[in-house]
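Asks: pasting the structure only:
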């Protein structure tokens, strides 16, 4: 399911690091044992195996198979020394990158051809063969499902709450219990899954590829429960961080369910979550939330092309490197230069000029059109309000960044706000990025104006205060889960943690801690959440 370019990108960084380490044996080992089998070997075997065609398999080869057979790629592999990579020992970083760029160019061209809706067999021939495996020849596959809390998280929670419980009993406080039971504090927050296992019966014939950076793909799986299950398959990124954030969100909802103020406002059901199932360090399945659309798409759907271009031109006036069109990307260096050279008043003026080309009620207009009558609009706006409040408060607690309008989905039928993509969490967007993201959550003009004629603060503040109060009541539960994450820090956290790691290492040195860089950076990120839960809320 992962295209050739998504396979190449993470390996390049590892190969360059091996070259920079001046260890030629490690370069050759990495290529022969890991890189070549992943990007070439397995697909060359697939192409030459001559497996019988299934009743649904198309004649077209997959992009990965075509990449493995490409002439330019074969020439590069030959210069590397073939599968063994023997010639890599005689190369330097510059010559390696030059040849690697040739493979990236070929992979980019193949990936560009995979867009829109296509037959699933064009991505992997295995899917076409799956439907023909019947009876004993088919290995039962369970439906992908996220664990609400892993066993280790539950163990840490039980361990932490047991200490508090024993202290509670030692003081004699439990003697006044009317029921006389010895329920463990915090155990009610554990989320269990008592449902029976669902197996995969078949896959849908077609897959839709989205036109974003990682080319995520929407697939349909038919389960033994006679239901359709849709997942977004995303390659090139570590989905474990998204899984952990969703697990924390699930526990936060459990805490809200124990809080009277949250229950009275419906906040215990307001944080929309979805399954995240990591399949490998570079591939994951994300549950698809039906009927959603990115908030940015809903806004631009109300604008004409000239209006979008005018808003784009006004917005980029303060940037040194200006993309040619509204679809052009803006690199981080442009923001860095604008940050250091332009005044606040100048940049605010650019923002206001851009806003002048967009109707103040663009998002509100789209959502109002989804309501069939005034009562439906009031219900939709209420759902929008509580889900925005819950997702903003929960995102603040875990330090979510990168909250652009593509990372906020809206369920068009109900108005529910669904946060996605948690790559920048635990404060990395503030502490590690060249241009720090200082706002605690997103509450820009379009989001506020949906709430009119009510004031945004008047609607959101009580709801967010109740959510944060529930988190304060369950701070021991959250702290226990964060300690589990600390015990197994993700390598993904090191992606943007140059300044963060330096800050954490300095703090560790001052405290006499000789933890490694990755562990120290993880400690710093955990401290961000702990500070908010244990100090800011008090």
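Replies: Looks like it arrived, so ask away. What you are looking at is a predicted structure, and each value in this text was computed from that prediction instead of being measured. Residues are numbered from 1 along each chain as shown.
Asks: any idea what the residue nearest to residue 274 when sequence neighbours are not counted is bridged to?
Replies: Closest residue to residue 274 apart from its sequence neighbours, by Cβ to Cβ, 6 or more residues apart in numbering: residue 287 at 3.7 Å. The C-beta positions use only the backbone N, C-alpha and C, and glycine is treated the same way. Judged by DSSP bridges, the bridge partners of residue 287 are residue 231.
Asks: I figured residue 287 hits residue 243, correct?
Replies: No - in this structure, residue 287 is not within contact of residue 243 by Cβ atoms under 8 Å, at 11.0 Å.
Asks: need the overlap of contacts for the two.
Replies: Counting by Cβ atoms under 8 Å, 6 or more residues apart in numbering, the shared contacts of residue 287 and residue 243 are 146, 276.
Asks: name the element residue 249 belongs to?
Replies: helix 240-257 (DSSP states H and E).
Asks: and the helices in the stretch 301-450 of the chain?
Replies: Along the stretch 301-450 of the chain, the segments classed as helices by DSSP state H, counting those that start in this stretch run 305-315, 332-341, 344-356, 362-370, 374-397, 428-431, 445-449.
Asks: now mean neighbour count and distance to residue 15 too, for those helices, in JSON lines please.
Replies: Compiled in JSON lines, these are given as follows (neighbours: other Cβ atoms under 10 Å; distance: least, Cβ to Cβ, whole Å):
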{"stretch": "helix 305-315", "mean neighbour count": "16", "distance to residue 15": "37"}
{"stretch": "helix 332-341", "mean neighbour count": "14", "distance to residue 15": "24"}
{"stretch": "helix 344-356", "mean neighbour count": "13", "distance to residue 15": "40"}
{"stretch": "helix 362-370", "mean neighbour count": "18", "distance to residue 15": "45"}
{"stretch": "helix 374-397", "mean neighbour count": "20", "distance to residue 15": "36"}
{"stretch": "helix 428-431", "mean neighbour count": "21", "distance to residue 15": "25"}
{"stretch": "helix 445-449", "mean neighbour count": "18", "distance to residue 15": "43"}
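Asks: to residue 3, which of those helices lies closest?
Replies: Ranking these by distance to residue 3, with Cβ to Cβ as the measure, places helix 332-341 first at 24.5 Å.
Asks: tell me the mean pLDDT over that closest one?
Replies: When pLDDT is averaged over helix 332-341, the result is 72.
Asks: that one to helix 344-356, inter-axis angle?
Replies: Here the directions of helix 332-341 and helix 344-356 differ by 130 degrees (axes from the mean of the first three to the mean of the last three Cα atoms, to 10 degrees).
Asks: who are the packing partners of helix 332-341?
Replies: Counting contacts by 3 or more Cβ pairs under 8 Å, 6 or more residues apart in numbering; DSSP states H and E, helix 332-341 is packed against no other helix or strand.
Asks: could you list the low-confidence segments of the stretch 351-500 of the chain?
Replies: 486-500 (pLDDT under 70).
Asks: picking up where we left off before, of all the helices of the stretch 301-450 of the chain, which lies closest to residue 238?
Replies: Per Cβ to Cβ, nearest to residue 238 of these: helix 428-431, 13.7 Å.
Asks: what's the closest one packed up against?
Replies: Applying 3+ Cβ pairs under 8 Å, 6+ apart, we find helix 428-431 packed against helix 498-510, helix 517-531.
Asks: rank these by pLDDT, which is bottom?
Replies: Among the helices and strands packed on helix 428-431, helix 498-510 carries the lowest mean pLDDT (a mean of 51).
Asks: off-centre distance for the helix holding residue 249?
Replies: The chain centre lies 13 Å from the centre of helix 240-257; the measure is Cα atoms, centre = their mean, to the nearest Å.
Asks: got it, and stretch 12-32?
Replies: The answer for stretch 12-32 is 29 Å, by Cα atoms, centre = their mean.
Asks: now do the buried residues in it.
Replies: 12, 15, 18, 19, 27, 28, 30, 31, 32 (16 or more other Cβ atoms under 10 Å).
Asks: now do stretch 281-288
Replies: Quick answer for stretch 281-288 (16+ other Cβ under 10 Å): 282, 283, 284, 285, 286, 287, 288.
Asks: just name the closest of these to residue 118, please.
Replies: Among these, and counting by Cβ to Cβ, the member closest to residue 118 is residue 288, at 17.5 Å.
Asks: ok, that closest one - contacts?
Replies: By Cβ under 8 Å, 6+ apart, residue 288 lies in contact with 218, 230, 231, 232, 274.
Asks: neighbour-wise, which one of these leads?
Replies: residue 231 (22 neighbours; other Cβ atoms under 10 Å).
Asks: so what's residue 208 bridging to?
Replies: Residue 208 has the following beta-bridge partners by DSSP bridges: residue 117, residue 218.
Asks: closest one to residue 70 among the helices of the stretch 301-450 of the chain?
Replies: Here helix 332-341 is closest among the helices of the stretch 301-450 of the chain (Cβ to Cβ), at 32.0 Å.
Asks: residue nearest the centroid of this protein?
Replies: With distances taken as Cα atoms, centre = their mean, residue 421 lies nearest the centre of the chain, 2.9 Å away.
Asks: just confirm it contacts residue 405, I think it does.
Replies: No - counting by Cβ under 8 Å, residue 421 stays clear of residue 405, with 11.8 Å between them.
Asks: contacts only, for the nearest residue to residue 342 once chain neighbours are set aside.
Replies: Leaving aside its chain neighbours, residue 342 sits nearest to residue 318 (4.9 Å; criterion: Cβ to Cβ, 6+ apart). Counting by Cβ under 8 Å, 6+ apart, residue 318 makes contact with 338, 342, 346, 347, 350.
Asks: distance of residue 318 relative to residue 374?
Replies: 42 Å (Cβ to Cβ, to the nearest Å).
Asks: likewise for residue 444?
Replies: Taken as Cβ to Cβ, the spacing of residue 444 relative to residue 374 amounts to 26 Å.
Asks: can you give me the neighbour number for residue 209?
Replies: Other residues close to residue 209 by other Cβ under 10 Å number 19.
Asks: ok, it to residue 216 distance?
Replies: 8 Å.
Asks: in stretch 209-229, which residues are buried?
Replies: Quick answer for stretch 209-229 (16+ other Cβ under 10 Å): 209, 214, 215, 216, 217, 218, 219, 220, 221, 222, 229.
Asks: out of the helices of the stretch 301-450 of the chain, nearest to residue 105?
Replies: Short answer: helix 332-341, nearest of the helices of the stretch 301-450 of the chain by Cβ to Cβ, at 23.1 Å.
Asks: how far off centre is that closest one?
Replies: 26 Å.
Asks: and for stretch 416-432?
Replies: In terms of Cα atoms, centre = their mean, the centre of stretch 416-432 is found 8 Å from the chain centre.
Asks: so for residue 238, what's the pLDDT?
Replies: 80.
Asks: need the three-state assignment for it.
Replies: coil (DSSP: H, G, I helix; E, B strand; the rest coil).
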